[in-house]
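K.L.:
My questions concern the predicted model and sequence given below.
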2 protein chains.
Amino acid sequence: MAIIRRGCDELLVEEEFAQKLARNKPLRVKAGFDPTAPDLHLGHTVLLNKLRQLQDLGHHALFLIGDFTGMIGDPTGKNTTRPPLSKEQVAENAKSYSDQVFKILRPERTEVVFNSSWMGKLDSADMIRLASTSTVARMLERDDFGKRYKNNQPIAIHEFLYPLVQGYDSVALKADLEIGGTDQKFNLLMGRELQKHFGQPPQCILTMPLLEGLDGVNKMSKSLGNYVGITDAPDQIFGKLMSVSDELMWRYLDLLSFESSATIAAWRKEVEEGRNPRDIKVMFAQEIVTRFHDGRAAEAALEDFEARFRQGAIPNDIEEFRIEVMEDDAPLIQVLKQSGLTSSTSEAIRMIGQGGVKIDGEKVSDKALKLEKGETVVLQIGKRKFAKVTIA
Amino acid sequence: MAIIRRGCDELLVEEEFAQKLARNKPLRVKAGFDPTAPDLHLGHTVLLNKLRQLQDLGHHALFLIGDFTGMIGDPTGKNTTRPPLSKEQVAENAKSYSDQVFKILRPERTEVVFNSSWMGKLDSADMIRLASTSTVARMLERDDFGKRYKNNQPIAIHEFLYPLVQGYDSVALKADLEIGGTDQKFNLLMGRELQKHFGQPPQCILTMPLLEGLDGVNKMSKSLGNYVGITDAPDQIFGKLMSVSDELMWRYLDLLSFESSATIAAWRKEVEEGRNPRDIKVMFAQEIVTRFHDGRAAEAALEDFEARFRQGAIPNDIEEFRIEVMEDDAPLIQVLKQSGLTSSTSEAIRMIGQGGVKIDGEKVSDKALKLEKGETVVLQIGKRKFAKVTIA
């Protein structure tokens, strides 16, 4: 139970869940995923990790791809980012999901299922019967619906049908437990209601928090740029994870690491007693790189990182530029712009002012500095941008 | 246009309607009917008469039996008076409709259609797309939905789908005009919206008022007992229509008679100038009996009625009772009860008090009156209950 509860936001209904476990049969654990092109980041893996933990405890994961509604798209036509998917696209996306999620899930205890396989068989009368199982008032209890209704923003009627479809998926799958983000709680509860309606024991629900992005503030998302993609290169993953705050590190460990809670608690104690949290961060970053690449990539990423940041050394593979000048020298700010290290001379001036520019590892403070013809220097902007420049 | 507008509540949109007429092609006129066992009364015929008038003008009636939703019944199971209908029951009810409505409609310009024939072909995805064409706020504009929502009375979500189904029927039928009761206006307008959505010219709508019952106050309905059934016996129809107020008579003429508006206006003038409105009522009652039975039945009903009410005579076919007594006489109130003319002695006492009891045509005022052994009398309660009683 401690493993199941780790990191989770809510487990409903605990008593029922204990009874289900007591039956000593693998639970059918449902988790639903969007059928659009998957490009997973660590935020998505919070759920997948929980599924994996449940698999390690012997349970059966139902990886549900919600292709039925995906193939309908947004029927109002207002949401152009949600065009209907073809059967081929769904199959392609499912393949891409498999490639990514089996880095976490155990294939032998995972069943990939598509809700079109049962929803497609329902006719219009079945859909009306499904609609009859809930009420308008109940739907308007859902936060976003309630707000939109109050603010006179239109809610198309089919939007009330989608939670019912999601709930009916639990009926079709005979789910014992459904896991989802905290923002999905309403829909997960709908599964309970529909299972009761169809004479099944209602599933329990387990909600997982939404993972904060690298900034530690907003939810991790591609559009905010504060994410770690699970297909990112090893040194990118490593570098991004080393950049998070010490506080966020503990949160990430809790939700993303497969280390036991006991180990993490021990580390926390060591840090309180003086150990450098960077040590923990390194172990964590290596665990994640190993998960999505391999141990060798993790080692290499660590070595590269240490070379670059801890020992202040210059990486081996930096770009080289040759800047031709008419005069005997060139203003540094021009060189920074021409080599692409800054996007403009004004950015170059600002970066120098902030102490973010180094020449051969030495911080520059003089904004008017000039480089002489014939010189070759290593320029560095911020932590990770390097270029070797020759003034010719 | 005067014929079309006669008695109607609203015609929307008049300009569009004029354009449709100007095409000089028969209009497709839709009217929807409940698929449950039909037992039509004059209230239902208001719509049918309008359809008939439109047929007389050359238009095509689409008599729609809403069996699709009827076969679903009330899926919440709360409304036990709406169990799902089987295909056989629907066919039987349709037969019963035909038997009744073709006393009014012209069969050669009537198409009986069932919405299951197109709704049954839609799948769950089609139903979701249909649901996407309207919004929650739009549905809550419907009077009854809005009130129920405000009063915290549950509205099941499928109830929002039914107006859309009704609207989609107009699409499937390519209706030019839909007629319905004033209480159906919202649903009729839904047909317009859906036709526009599906790229069709929107139907016009024509609403007819709900017919008042014999009491002139409430809407005619079986449960209120204030109705004239179209399968009622000739003398029942005749008697009931003769009992309406003079004011209600004009209303009935307007909505139920096939006499022209000019004729009715002329009659109205004659009555204003002193003619007995009873003459008009007799003509109207005969028209209606003729419509649902035949001319001979109408004549017979009139003769019987005149015999009974105008000349105060006793009808020929009254029931005879023999009441055996131990004493030499019997209290009238006991006799009234035992012969079934009143349901209790207290009703008998009340009726005598109101002057509603006659013996051999003479009003009785003495509540303690006794009838002697050996006597045979004709007892009358109210206007129409008679019995011949022998005290033995």
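P.N.:
The structure has been received and is ready for your questions.

K.L.:
Mind listing what's buried along the helix or strand A:Phe321 falls within?
P.N.:
Element membership for A:Phe321 (DSSP states H and E) is strand A:319-323. Neighbour counts over strand A:319-323 (16 or more other CB atoms under 10 Å in any protein chain shown) mark A:Phe321 as buried. All C-beta atoms are positioned from the backbone trio N, CA, C, and that covers glycine.

K.L.:
now stretch A:220-233
P.N.:
For stretch A:220-233, burial by neighbour count (16+ other CB under 10 Å) applies to A:Met220, A:Asn226, A:Tyr227, A:Val228, A:Gly229, A:Ile230, A:Asp232.

K.L.:
Also stretch A:296-305?
P.N.:
Neighbour-count burial for stretch A:296-305 flags A:Ala297, A:Ala298, A:Ala300, A:Ala301, A:Leu302, A:Asp304, A:Phe305 (criterion: 16+ other CB under 10 Å).

K.L.:
The last one belongs to a helix, doesn't it?
P.N.:
Yes: assignment of A:Phe305 by DSSP: H, G, I helix; E, B strand; the rest coil places it within a helix.

K.L.:
Regarding the nearest residue to it once chain neighbours are set aside, what is its secondary structure?
P.N.:
Counting by CB to CB, 6 or more residues apart in numbering or on different chains, A:Phe305 lies nearest to A:Phe238, which is 5.5 Å off, once chain neighbours are set aside. What three-state DSSP gives for A:Phe238 is helix.

K.L.:
Need the buried residues of stretch A:220-233 in JSON lines (columns: distance to B:Leu21).
P.N.:
Converted to JSON lines, the buried residues of stretch A:220-233 look like this (distance: CB to CB, whole Å):
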{"residue": "A:Met220", "distance to B:Leu21": "64"}
{"residue": "A:Asn226", "distance to B:Leu21": "65"}
{"residue": "A:Tyr227", "distance to B:Leu21": "64"}
{"residue": "A:Val228", "distance to B:Leu21": "69"}
{"residue": "A:Gly229", "distance to B:Leu21": "65"}
{"residue": "A:Ile230", "distance to B:Leu21": "67"}
{"residue": "A:Asp232", "distance to B:Leu21": "69"}
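
K.L.:
Contact residues of the stretch 101-250 of chain A facing chain B?
P.N.:
Listed as neighbours of chain B in the stretch 101-250 of chain A under the rule CB under 8 Å from any CB of the partner chain: A:119-120, A:122-129, A:131-137, A:139-140, A:149, A:152, A:154-158, A:160-161, A:164.

K.L.:
Contacts for the helix or strand harbouring A:Leu336 next, please.
P.N.:
Element membership for A:Leu336, per DSSP H and E: helix A:332-338. For helix A:332-338, contacts defined as CB atoms under 8 Å, 6 or more residues apart in numbering or on different chains pick out A:321, A:323, A:342-345, A:347-349, A:351-352, A:357, A:359, A:364, A:367, A:369-371, A:379, A:381, A:389, A:391.

K.L.:
likewise stretch A:342-361?
P.N.:
For stretch A:342-361, contacts defined as CB under 8 Å, 6+ apart pick out A:312, A:314, A:332-334, A:336-337, A:341, A:363-367, A:377-382.

K.L.:
In CSV: the buried residues of stretch A:220-233, plus pLDDT and secondary structure.
P.N.:
Below are the buried residues of stretch A:220-233 laid out as CSV (pLDDT from 0 to 100; DSSP: H, G, I helix; E, B strand; the rest coil):
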residue, pLDDT, secondary structure
A:Met220, 91, coil
A:Asn226, 88, coil
A:Tyr227, 90, coil
A:Val228, 92, coil
A:Gly229, 92, strand
A:Ile230, 90, coil
A:Asp232, 90, coil
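
K.L.:
I'd say A:Gly239 and A:Glu306 touch.
P.N.:
No: applying CB atoms under 8 Å as the test, A:Gly239 and A:Glu306 come out as separate, 11.5 Å apart.

K.L.:
Among the two, which residue is more densely surrounded?
P.N.:
Neighbours were counted for A:Gly239 and for A:Glu306 using other CB atoms under 10 Å in any protein chain shown; A:Gly239 has more, 20 against 12.

K.L.:
Nearest residue to that one in space, please, no chain neighbours.
P.N.:
A:Phe305 (6.3 Å).

K.L.:
Report the contact partners of the one you found.
P.N.:
By CB under 8 Å, 6+ apart, A:Phe305 lies in contact with A:Asp235, A:Phe238, A:Gly239, A:Met242.

K.L.:
so how far is chain B from it?
P.N.:
Going from A:Phe305 to chain B by CB to the nearest CB, to the nearest Å gives 50 Å.

K.L.:
From B:Gly73, how far out is that residue?
P.N.:
Distance, A:Phe305 to B:Gly73, using CB to CB, to the nearest Å: 68 Å.

K.L.:
residues contacting A:Asp56?
P.N.:
A:Ile3, A:Arg106.

K.L.:
any idea how far it is from A:Leu173?
P.N.:
From A:Asp56 to A:Leu173 the distance is 21 Å (CB to CB).

K.L.:
Quick one: residues contacting the residue nearest to A:Phe305.
P.N.:
Going by CB under 8 Å, 6+ apart, A:Phe238 touches A:Ala285, A:Gln286, A:Val289, A:Ala298, A:Ala301, A:Leu302, A:Asp304, A:Phe305.
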